[in-house]
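>>> sequence unknown, structure follows:
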């Protein structure tokens, strides 16, 4: 069982504003070169400010609503990779009191990638962009969803991505 100091934690109000952060929030931001995501910058802002695409927003909002409606904790696995590491994560949404949800994220395991992959997002669509699943981390190549570092090349890969939820992850939400 991981302690709160090993989890990245935030609390949301009914409007989905981040009202508090805790655990390893700032350490995780520092380790991932995300100085704009330190606790002092995110408190008071909407969680939706940090999620770019509609399908991922709908996925998370569905889970938040499920926790609110049932009053039960909701847990889901997902990926939060760095350029050279696959990070398998677990998110747990816990209704704490009326109008407040505690959202915990913990690293379950990590794996070294076959090659370094840098992801860049863009607000403008281009034909060089690929779809990347916000949940499992795979990218769509032709008509298949696969790991972005698949193959034998060692040269770093730079991908411009648009985030979405792949059909497998989408169906796993509806089957639960």
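Good, I have the coordinates. Bear in mind the structure is a predicted one, so any value in this text is a computation, not a measurement. Numbering: from 1, shown residues only.
>>> can you give me the helices in the chain?
For the chain, applying DSSP state H gives helices covering 25-31, 39-42, 54-70, 167-175.
>>> can you tell me which of those comes nearest to residue 90?
helix 54-70 (12.5 Å; CB to CB). To be clear about C-beta, it is placed using only N, CA and C from the backbone, and glycine gets the same treatment.
>>> contact partners of that closest one?
By CB atoms under 8 Å, 6 or more residues apart in numbering, the list of residues contacting helix 54-70 from outside reads 12, 16, 47-48, 51, 73-74, 76, 91, 93-95, 101, 134-135, 163-165, 169-170, 173.
>>> for the helices of the chain, which one sits closest to residue 145?
helix 167-175 (6.9 Å).
>>> chain center to stretch 126-134: distance?
In this view, stretch 126-134 has its centroid 16 Å away from the chain centroid, taken as CA atoms, centre = their mean, to the nearest Å.
>>> With stretch 103-110 instead?
10 Å.
>>> tell me which residues in it are buried?
103, 104, 105, 106, 107 (16 or more other CB atoms under 10 Å).
>>> pLDDT at residue 1, what is it?
Per-residue confidence (pLDDT) for residue 1: 51.
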